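**Q** what follows is a predicted protein model with its sequence.
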Amino acid sequence: MEKFTLKQNHLVGALVAAIGCTSLIALILMLARNNTMELPLSFQYGMVFDAGSTHTSLYLYKWPGAKENNTGLVSQVLVCDVEGPGISSYANDPPAAGKSLTACLDDAKAAISFGEQRDTPVYLGATAGMRLLRLQDATNSDQIMEEVTKTIKVYPFDFQGARILIGTEEGAYGWITINYLLEGFIKYSFEGKWLKPKGGEIFGALDMGGSSTQITFTPGGPVKDPTTAVRLRLYGSNYNIYTQSYLCYGKDQAMKQLQIRLLKMTNMSQPVYHPCYHQGYNLTLALGDLYNSPCTEKTGAFDPTNLVTFSGSGDPGQCLKLVKTIFNFSDCSFPPDCSFNGVYQPPVNGNFFAFSAYYYTFDFLGLAPQAPLPQVLSTIESFCKKNWTTVKTENPKIKEKYLQDYCASANYIMTLLQEAYKFNEKTWSNIYFKKKVADADIGWTLGYMLNLSSLIPSEKPLSLTGVKREQWAAGIFFIVFVLFLSLVILVVLCAGNLNH
Ligand SMILES: Nc1ncnc2c1ncn2[C@@H]1O[C@H](COP(=O)(O)OP(=O)(O)O)[C@@H](O)[C@H]1O
Ligand SMILES: [Ca+2]
């Protein structure tokens, strides 16, 4: 009996020692794994060409590599401004559109380590300038897209395609960019958990391009026109957004529309007085340059070489009146929920970022991101009344192509925001005129890349490393506890054996 108990004790002892050893190995392995998690992370890169109607820019982004890719950690590394005009301006020389991109591609290549280049996705998205060109000449727009594709393919990146975005995408991706950068969808908390930010606010997006303009927001009620609704599932939550893109209502096409109205009103008698241009400013254009867009098409014959001169009269009241004539505020199939031209829009809701030409115009006028409405109105009025010589001498460094239009574009912006979108004295303060959020430019490019590279999952990620911190702590605690218990049992067994 005694012999048998002793044998049993040895057996139990061996078993406990084995468990102890296994626990010790597990502990060492877990600690080692934790150490590797603390090692500096490698980065992955991605880039997007924003081929706008007036200008192309390349945005390079980076984020920590490996498993950390679905976190709120994508940041902007560089922006490269392509020399020359937008790609749609190369209608007569498509290969030149491709060539224009090489300097920026070289810059991006220099910024990415050799080993990472092949894994770097590159996208090119063209917007309203190419939408307009496609309407005029689809073959020509295809040629330009082919040429930019050819150029990018020469580089050692992972080219993901060049395409023309539809207005809905342009609006929705701008909205995703803003709310991603604000961490409005999800936030990585201090305790290492993914949380939906409590009371975290979702911002709307107001984008003013050269050829189109977009408004995107989460409405307070249901969307009555399904063609304007976009459903998104991001990090386990559903978002129903309203988005609308207005082709021909970007800043530059709107400026052309004003010129056409004036020409029609004045019956071509020269010069044509322009109330939105400063006194003393004269602009002479060939009719061919005026009627060259689907937004300003002329019915009937005309001589494209004929010249027309617009002469500034610097009259802000008349300018506002003129601006209103390019909107139709009377037709509406969803009364009273229309912006203009019969387009449905629910009442604006929440805060908004107004970027691109909205920002440039307000920034030029020296207005703060949230300048009060009366200050905005008086600033615009006094600026429009300045004569051209004063405007030029006060702003020697500003390009004339921008300077000539700030009065007109400010009045255009105010009419669009107040009369069309229906921002009032109360909701005006919900608009922030901004260029950047969290050190990244506001625009559709980041949202586009996040979506196409699956960097924003539909469902909530478990945690940063795949193992929650509490689970990891519980594991360590359990192993240490088993080790301690094994030690106690061994000591008890040894003491028992000695007694025998
Ligand atoms: N410094 C500036 N001052 C005023 N306007 C600017 C400035 N820089 C860019 N813009 C305007 O911003 C707009 C950018 O539009 P863009 O992205 O090229 O066109 P789209 O988005 O319609 O394809 C254009 O109207 C351009 O004139
Ligand atoms: Ca744009």
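**A** Noted; the coordinates are in hand. Ligands and ions are numbered 1, 2, ... in the order given.
**Q** state the phi and psi torsions of the closest residue to Thr266 other than its chain neighbours.
**A** Leaving aside its sequence neighbours, Thr266 sits nearest to Val272 (C-beta to C-beta, 6 or more residues apart in numbering; 5.1 Å). Every C-beta, even on glycine, is put in place using the N, C-alpha and C of the backbone. The phi and psi values for Val272, taken as degrees, to the nearest 10, are phi -90, psi 120.
**Q** quick one: residues contacting Val272.
**A** Val272 makes contact with 259, 262-263, 266, 308-311, according to C-beta atoms under 8 Å, 6 or more residues apart in numbering.
**Q** any idea how far Arg261 is from it?
**A** 10 Å (C-beta to C-beta, to the nearest Å).
**Q** swap in Ser141?
**A** From Ser141 over to Arg261 (counting by C-beta to C-beta), the distance is 28 Å.
**Q** let's see the pLDDT reported for the residue nearest to Thr266.
**A** What the model reports as pLDDT for Val272 is 97.
**Q** now it: how far from Pro156?
**A** For Val272, the distance to Pro156 - C-beta to C-beta - is 53 Å.
**Q** Lys392 too?
**A** Lys392 is 47 Å from Pro156, by C-beta to C-beta.
**Q** looking at these two, which is more packed in?
**A** Lys392 (17 against 11; other C-beta atoms under 10 Å).
**Q** hmm, Lys399 and that one touching each other?
**A** No: Lys392 is beyond contact range of Lys399, at 11.5 Å (criterion: C-beta atoms under 8 Å).
**Q** where do the helices sit along the stretch 151-300 of the chain?
**A** Shown for the stretch 151-300 of the chain, the helices assigned by DSSP state H, counting those that start in this stretch span residues 167-181, 251-266, 287-290.
**Q** right, so of the ones you listed, which gets closest to ligand 2?
**A** Using C-beta to the ion as the measure, helix 167-181 is the one of those that comes nearest ligand 2, at 7.3 Å.
**Q** hey, what's Thr284 bridged with?
**A** Thr309 (DSSP bridges).
**Q** hang on, the earlier thing: so for Ser141 and Arg261, which residue has more residues nearby?
**A** Ser141 (23 against 15).
**Q** number of residues surrounding whichever residue of the chain sits closest to ligand 1?
**A** The minimum distance from the chain to ligand 1, using C-beta to the nearest ligand atom, falls at Gly209 (2.2 Å). Applying other C-beta under 10 Å, we find 30 residues neighbouring Gly209.
**Q** ok, it - contacts?
**A** 52-54, 127-128, 250-251, 356-357.
**Q** which one of these is nearest ligand 2?
**A** The closest of these, once distances to ligand 2 are taken by C-beta to the ion, is Gly52, at 4.0 Å.
**Q** list the residues that contact the closest one.
**A** With C-beta under 8 Å, 6+ apart, Gly52 has these contacts: 86, 126-129, 209-210.
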